[in-house]
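A.B. asks: coords please:
(2 chains)
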Amino acid sequence: MNEVRVRFAPSPTGFFHIGSARTALFNWLYARHTGGTFVLRIEDTDKERNTEEALQVLLDGMRWLGLDWDEGPEKDGAFGPYFQSERGTVYQEYLDKLREQDRVYEKDGAIWFKLEGERYTAYDERLKKEIEKVKAEPIVIEDAVRGRVERAEEKDFVIFRANGEPVFHFVNVVDDISMGITHVIRGEDHLSNTSKHCELFKAFGHPYPVFAHIPLILKSSGPGKMSKRDEGALIEDYAKRMFLPEAVRNYLCLLGWSPKDDREVIPINEIIELFDLPGINKGNARFDEKKLSFVNTEYVRAMPLETFTWMARPILNEQGLVSEDFDETRLQAILAICQPKVQSFEDLPGFVSYFFKDDFAYDEKAARKVMKKGDPLKRIEEFKAGLASLESWDSASLDALVAALVETHGASLGEFIQPARLAVSGTNRGPGFNELILTLGQAAVLKRFDRFLETMAQETPTD
RNA sequence: GUCCCGUUCGUCUAGCCAGGCCUAGGACACCGGGUUUUCAUCCCGGCAACAGGGGUUCGAAUCCCCUACGGGACGCCA
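C.D. replies: All right, here's what the predicted structure looks like:
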């Protein structure tokens, strides 16, 4: 049985960092690609934070991204418990194994792991003092992403703090062994720690798992990796901003991995099929919100109208634009002409608000641009008269009407359409003109024309 | 400071392992043009990169070495 078992082992800090999310994603992809098992293990040895709440942020983030785990919190398996805070006896057991081999000692109340090799003292430039070092055999790993990496540990290290709590390096390795983890996919920031971990694997007489150290996500500008304070660093923010989780996930896949065939917007099942460890890039990737937005827009445009409407309703409701019982057919009709134009759900309320309220404001810039050309008020009067007598409310009739207006009054199409758009929507951008007028309905359009004439007459007195 | 890892357009990347098909491809962004009754879409075009230097070779983005730069790790944090 060499079934793949991977794990994502976050510590609940109260936020879900985009880098962690990408690590989780790659583990998940690999598990799904290989038909293996994806374990979610919570490294909650630090009890300072509000763990329950912090845990929920994490679990919510995982669920939002669609990264379902096979074993872990709320999903017990044969290798539990999946919270490190509940694995004390396991850690004691493994500590005893090291004791039996005389690989540990106490110093300053803490328990240290003893490296094997010749000991000597040397001046440490960083600690500014003489310390004991060990000439240990170099650890060599065959990293699935980076190839052969060799590094030697040179100092004993703490595995249990003076307060009795086990340290990360120790629990990480013990859990990976006791949970049967076969592949360790994690950020490159752990590459240097790997020699510590391998020392422990060796001491336990356990073969190394396959390591795959993935590149880091760097700030979109400036030096260093993405930190939680950077714009766009937190998964929960994308949820709040109503990004589509599939889009965020798709974008994250593209940071450090590619399908090699120039495709970018790809269904997740195809990514799962193509994903593999050697295909992961070695170099760090810079986060780019513009590209993320692009991917998001692609997903927004591609949604079935029913789904789009279903998602839009609560958003519009929250903005006070539509009521709970707003007619579904009507809502769908409005959204049908907006979906191809709007960029994101975040922009949607602003994009469609005038459909739901009559007292919208006229965008100043748009108004200035429209009002200075020709005689817009006169055109609206003419348009109004034409519309009032329009017999049939359809696109063809509207086309005919506008053509007739152009003909009779000797003004260009734009001179009718631009003020009309401004009059009914308060802006100079939006859905196609005919669709806009037709969807609003004859009564609303006429009413809005009147309001426009009144308002503009006041603001731009003509002698 | 020591150690580890990396380096192709502004950004994400393809190509590198198995050197010639690369006058280096795609995408985002940006800039122009066209279509459009506005905006958007769409279409066309443009900008723009193999970090530098040495080798190896008939031939190097691809292999080797050095330098530079970037990132990471050196905690009784994870």
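
A.B. asks: How far off centre is the helix or strand hosting residue A:170?
C.D. replies: Element membership of residue A:170 [criterion: DSSP states H and E] is helix A:168-178. Its chain's C-alpha centre and that of helix A:168-178 lie 29 Å apart, by C-alpha atoms, centre = their mean, to the nearest Å.

A.B. asks: Kindly report the same for stretch A:4-21.
C.D. replies: Distance, centroid of stretch A:4-21 to centroid of chain: 13 Å (C-alpha atoms, centre = their mean).

A.B. asks: Could you list every helix and strand that the helix-or-strand element of chain A with minimal mean pLDDT packs against?
C.D. replies: Here the helix or strand of chain A ranked lowest by mean pLDDT, DSSP states H and E is helix A:364-371, holding a mean of 81. Judged by 3 or more C-beta pairs under 8 Å, 6 or more residues apart in numbering; DSSP states H and E, helix A:364-371 is in contact with helix A:413-425. In short, each C-beta sits where N, CA and C put it, glycine included.

A.B. asks: who's in contact with the helix or strand following the helix it packs on?
C.D. replies: Per DSSP H and E, the first helix or strand lying C-terminal to helix A:413-425 is helix A:433-440. For helix A:433-440, contacts defined as C-beta atoms under 8 Å, 6 or more residues apart in numbering pick out A:333-334, A:337, A:355, A:393-395, A:398-399, A:417, A:420-421, A:424-425, A:430-431, A:445, A:448.

A.B. asks: would you put the C-alpha positions of whatever helix or strand comes next after helix A:433-440 in PDB?
C.D. replies: Downstream of helix A:433-440, the next assigned helix or strand under DSSP H and E is helix A:442-459. Provided in PDB are the C-alpha atoms of helix A:442-459 (Å, rounded to 0.1, in the frame of the first residue of the first chain):
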ATOM      1  CA  GLN A 442     -42.000  52.600 -20.900                       C
ATOM      2  CA  ALA A 443     -43.500  54.200 -17.800                       C
ATOM      3  CA  ALA A 444     -40.200  54.400 -15.900                       C
ATOM      4  CA  VAL A 445     -38.300  55.800 -18.900                       C
ATOM      5  CA  LEU A 446     -40.900  58.600 -19.400                       C
ATOM      6  CA  LYS A 447     -40.800  59.400 -15.700                       C
ATOM      7  CA  ARG A 448     -37.100  59.500 -15.700                       C
ATOM      8  CA  PHE A 449     -37.000  61.700 -18.800                       C
ATOM      9  CA  ASP A 450     -39.300  64.200 -16.900                       C
ATOM     10  CA  ARG A 451     -37.100  64.200 -13.800                       C
ATOM     11  CA  PHE A 452     -34.100  64.700 -16.000                       C
ATOM     12  CA  LEU A 453     -35.600  67.700 -17.800                       C
ATOM     13  CA  GLU A 454     -36.600  69.300 -14.500                       C
ATOM     14  CA  THR A 455     -33.200  68.800 -12.900                       C
ATOM     15  CA  MET A 456     -31.100  69.800 -15.800                       C
ATOM     16  CA  ALA A 457     -33.300  72.900 -16.600                       C
ATOM     17  CA  GLN A 458     -32.600  74.100 -13.100                       C
ATOM     18  CA  GLU A 459     -28.900  73.400 -13.200                       C
END
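
A.B. asks: Of all residues in the stretch 51-200 of chain A, which one is closest to RNA strand B?
C.D. replies: residue A:108 (2.7 Å; C-beta to the nearest atom of the strand).

A.B. asks: Let me see the contact set for that residue.
C.D. replies: Counting by C-beta under 8 Å, 6+ apart, residue A:108 makes contact with residue A:162.

A.B. asks: Appreciated, that's everything.
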